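Engineer: Quick one: sequence and predicted model below, then my questions.
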Amino acid sequence: MSQNPLGSLADYSHFLAKLLNRPNIARSTITVWSASPYTGIAEGELFFTGGLRLRMREEIDFEDQLITSYGYEIYQAVEKLYWYDDFPHPNDPTLASTYPHHKHVPPNIKRNRIPAPGLSFDRPNLPQIIEEMEQLISRHQTGES
């Protein structure tokens, strides 16, 4: 596998298979397929222990080794807790530090956005998202908020 798993459909599929083999992930519907000779889509859901769920979609340019678009939504049962997206908000100076990457959080989740450090177009985002969700599970199990 190449150093950057965004380099081919096979590399990204292998990367996901290894990444998703975790005790806190109960099951996955994530699939990766080719949209053209040079692009692919990764889409589906991860179901975690404790009722957490990640719904995700990534569009990937394998030739340039880039995620060209993404969305990650985190749910507790049917309640949407927060989400990440890359829709640009150039007129919001509070998001400049991670532009265009940002996170929608309560209250007023649709309009309340904060920077999303660590998210990127040039490397996989799922390790960071999954780690964040595992921390939520851990805090919930220990009774923290």
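Structural biologist: That came through fine.
Engineer: I'd like the distance from the lowest-mean-pLDDT helix or strand in the chain to the chain centre, please.
Structural biologist: Across the helices and strands of the chain, mean pLDDT, DSSP states H and E gives its lowest value to helix 126-142, namely a mean of 90. Taking Cα atoms, centre = their mean, to the nearest Å, one finds helix 126-142 lying 13 Å from the centre of the chain it belongs to.
Engineer: list the helices and strands that helix packs on?
Structural biologist: helix 9-19, strand 39-48, strand 52-61, strand 66-76 (3 or more Cβ pairs under 8 Å, 6 or more residues apart in numbering; DSSP states H and E). Using the backbone N, CA and C atoms, a C-beta is placed for each residue, glycine as well.
Engineer: Kindly recompute the last result at 10 Å.
Structural biologist: helix 9-19, strand 25-28, strand 39-48, strand 52-61, strand 66-76, strand 79-85 (3 or more Cβ pairs under 10 Å, 6 or more residues apart in numbering; DSSP states H and E).
Engineer: Just name the most buried of the ones you listed.
Structural biologist: strand 52-61 (a mean of 20; mean count of other Cβ atoms under 10 Å).
Engineer: Direction-wise, compare that strand with strand 39-48 and give the angle.
Structural biologist: On the basis of axes from the mean of the first three to the mean of the last three Cα atoms, to 10 degrees, strand 52-61 is oriented at 170 degrees to strand 39-48.
Engineer: Fine by me, thanks again.
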